[in-house]
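A.B. asks: below is the sequence, then the predicted model.
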Amino acid sequence: MAEREPVIGIDLGTTNSVVATLQGAAPAVIKSRSGSTLTPSIVALTKTGKTLVGEIAKRQAVTNPESTVYSAKRLIGRKFSAKQTQQAVKNLSYRVETGDHDDIRIRLGDKTLSLPEVSAMVLRELKLDAEAFFGKPVRKAVITVPAYFNDGQRQATKDAGRIAGLEVLRILNEPTAAALAYGFGKNVNGKIAVFDLGGGTFDISVLEVGSGVFDVIATGGDTYLGGEDFDGRVIDWLAADFQKEHSIDLKADRMALQRLKQAAEKAKIELSTARETQLNLPFICTPAGGGGALHLQKTLTREKLEELCADLVARTVTICEQVFAEARVKTIDLKEMILVGGMTRMPRVQDAVKEYFRRDPCRGVHPDEVVALGAAVQADALTNEESDVVLLDVTPQSLGVAIAGGYVRTLIQKNTTVPTSFTEVFNTSRDNQTTVKIMVLQGESDLAHKNELLGEFILTGLRQAKRGEVEVDVTFEINSEGIVSVSARDRETGQQQSIQVTASGGLTEDELKRILDEQADLMLEAKVEEEVKTKQTELKALMKEVTELMPQLTEATRGDEFGQDALRKANKALEVARPAAERGDLVKVTESIDTLTRTISLFKGVLQRIGR
Ligand code: AMP
């Protein structure tokens, strides 16, 4: 048998990155060439023009603050003008500039780099570590991203992989990866939750696991909530105090800021085990008016840190509450609770999790490594025909188009299993409207401007006719990596326009509202009656499919608890679907379509798992 090509899983973190592979029967982390399991996600350019990556870049950060790039993940796939970018940039010691398309560029010496180029340097380093381990070239990888990353952030991460010379087999959600690693090789049956608080982002996911099938039920999070925000609170506390005492803004001095940042993170980490710690920064600055160098010396207690960060911890709990309510899952029904990400080592975070979930989190999962291990499991599953891991992931946010009146028509609901596609027929909203503008939105509000604009395009050449006479099919497709494509087709002429959307997420609510108002004439209108009919037909077809699959599943999974559970769910779903299909209430019909689609995915996953 030919030897298999090596494949790797990469957790490309905000703070640190990890690479892993399947070694024998289990996934294991590949150590870097310098012997460490974590590689800082840091890139630097030295004064002599040398590029440094990882630990060596981190070590020189204080003396070279302007040319040391960290936290690239917080900026990747975002727009320069976005409110969140501007917020994030404030605490960075390197220079961030705007590119030609409102994209973010990083200034390093006399060069400007895009974020995918920066992340590619970290990925290339991990690729080299893997190659040293295998003793041969490594080309294929699965790379993880926060579940809550939008389309643009996923695309940009994939681009980073390509620039690093990797074929990205899959962009995988981090919490899903954690669950894969946790469940790998174990006979786990039931619901598990993954609480992932890393350096830059927070994710919470609920999965149904059984017989090697990993079915993500719901996921939620915040891409701007992580360890760096905790560090930021300590930095602000130190800087405010210093300002009061000496009337000097330490944050305006790049080198001082970098030192504050390192000291804040170190103190935060120490306070996970100690009750208090000393922050000691001699010669932090020399006042312009003379008088000698100033030093910063402070004691930080665990209580003070917890007070400074109380609202951050509370936000993670609020997000958990929302996700569990939406998924209609009770925390008591969970079999296991997994903590992921370095920040979950903070005692206050662990306590908050314990209080909310009323259980102790699972021991034996390494919070820094579990995501990369899961990525390695998935990389193997995608390239090894003998693998029996099946993964059903979901889309984290709803997707739709802006329609007349400033509203959104949702085509794909959040938490729909991917890959998926959906087509809906729309009408022109004005007489003689020959052009329509398709604005692709992501988010949960019915009001268009309260969502995020992912992309837009125009379909022209429609026949001049009365309002509502011309019909346009709009199709959304999401692939298994969560990457979105949208197309619009004139039903009469067959003429079509499509885009693979990339986030233009920089717009504020007001800007988006203004654009929508200006372009109101170009919007489409939803076809509700026809839609009800189409959806009723779709629902009936799904009911038929589920009914036909049930005997097959009963036969195949006799005595298997997970199979029986899937059948019970299917019966319940059919009970709800029957009256909905008859009465034609749009909301109920849509809900039943969702439930039955999930049921079919679940059935197929179970059948695939047992080789039928
Ligand atoms: P990750 O993205 O999972 O690598 O998480 C990194 C974040 O976890 C950084 O903000 C670290 O400062 C933080 N972190 C790592 N270890 C600890 C610890 N023992 N206590 C508190 N925070 C930690």
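C.D. replies: Cool, got the structure.

A.B. asks: and the gap between the residue in the chain that the ligand sits nearest to and residue 316?
C.D. replies: The ligand sits closest to residue 227 of the chain, with a gap of 1.9 Å, by Cβ to the nearest ligand atom. Placement of C-beta: from N, CA and C, glycine included. Noted for residue 227: a distance of 12 Å to residue 316, by Cβ to Cβ, to the nearest Å.

A.B. asks: shared neighbours, these two?
C.D. replies: With contacts defined as Cβ atoms under 8 Å, 6 or more residues apart in numbering, the residues shared by residue 227 and residue 316 are residue 197.

A.B. asks: tell me the domain ranges of the chain?
C.D. replies: What the record gives for the chain is the domain set 7-226+312-394, 227-311, 399-507, 510-609, from automatic domain parsing.

A.B. asks: as TSV, these with mean neighbour count would be great.
C.D. replies: Below are the domains of the chain laid out as TSV (neighbours: other Cβ atoms under 10 Å):
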stretch	mean neighbour count
domain 7-226+312-394	21
domain 227-311	17
domain 399-507	19
domain 510-609	17
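
A.B. asks: any idea which element the closest residue to residue 352 other than its chain neighbours lies in?
C.D. replies: Excluding the flanking residues, the one nearest residue 352 by Cβ to Cβ, 6 or more residues apart in numbering is residue 313, at 5.0 Å. Using DSSP states H and E, residue 313 sits within helix 310-327.

A.B. asks: residues contacting that helix, please?
C.D. replies: 195, 197, 202, 204-206, 217-222, 225, 229-230, 233, 306, 330-331, 348-349, 352, 356-357, 414-415.

A.B. asks: can you rerun that using 7 Å?
C.D. replies: Contact partners of helix 310-327, identified using Cβ atoms under 7 Å, 6 or more residues apart in numbering, comprise 197, 202, 204, 206, 217-222, 225, 229-230, 331, 348-349, 352, 356.

A.B. asks: from these, which ones fall inside helices?
C.D. replies: 229, 230, 348, 349, 352, 356 (DSSP state H).

A.B. asks: per-residue confidence at residue 412?
C.D. replies: With respect to pLDDT, residue 412 scores 90.

A.B. asks: next: residue 512.
C.D. replies: 69.

A.B. asks: before we move on, what about residue 81?
C.D. replies: In this model, residue 81 carries a pLDDT of 85.

A.B. asks: check residue 168 too.
C.D. replies: 93.

A.B. asks: now do the helix or strand that contains it: which elements does it pack against?
C.D. replies: Secondary structure assigned from DSSP H and E places residue 168 in strand 167-173. Packing partners of strand 167-173 (3 or more Cβ pairs under 7 Å, 6 or more residues apart in numbering; DSSP states H and E): strand 140-145, helix 151-163, helix 370-383.

A.B. asks: would you mind giving the ones you listed as TSV with distance to residue 464 added?
C.D. replies: As requested, the helices and strands packed on strand 167-173 are exported to TSV (distance: least, Cβ to Cβ, whole Å):
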stretch	distance to residue 464
strand 140-145	45
helix 151-163	34
helix 370-383	50
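
A.B. asks: residue 476: which of the ones you listed is closest?
C.D. replies: Residue 476 lies closest, by Cβ to Cβ, to one member of the helices and strands packed on strand 167-173: helix 151-163, at 11.1 Å.

A.B. asks: quick one, that closest one and strand 140-145 angle?
C.D. replies: If you take axes from the mean of the first three to the mean of the last three Cα atoms, to 10 degrees, helix 151-163 sits at 150 degrees to strand 140-145.

A.B. asks: just to check, residue 556 is in contact with residue 610?
C.D. replies: Yes: between residue 556 and residue 610 a contact is recorded at 5.7 Å, counting by Cβ atoms under 7 Å.

A.B. asks: contact partners for residue 421?
C.D. replies: 475, 476, 477.

A.B. asks: and with 8 Å instead?
C.D. replies: Contacts of residue 421 by Cβ under 8 Å, 6+ apart are 475, 476, 477, 478.

A.B. asks: still on that earlier bit, distance to residue 154 and pLDDT added to the ones in helices among the contacts of helix 310-327, as CSV?
C.D. replies: Shown next, in CSV, are the ones in helices among the contacts of helix 310-327 (distance: Cβ to Cβ, whole Å; pLDDT from 0 to 100):
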residue, distance to residue 154, pLDDT
229, 22, 95
230, 26, 97
348, 32, 97
349, 27, 97
352, 29, 96
356, 29, 94
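
A.B. asks: of the residues you listed, closest to residue 571?
C.D. replies: residue 356 (31.8 Å).

A.B. asks: tell me the secondary structure at the residue located most distally from the centre of the chain.
C.D. replies: Most distant from the centre of the chain: residue 291, at 49.5 Å, with distances by Cα atoms, centre = their mean. The assignment at residue 291 comes out as coil when based on DSSP: H, G, I helix; E, B strand; the rest coil.

A.B. asks: now it: how far from residue 52?
C.D. replies: From residue 291 across to residue 52, the span is 36 Å (Cβ to Cβ).
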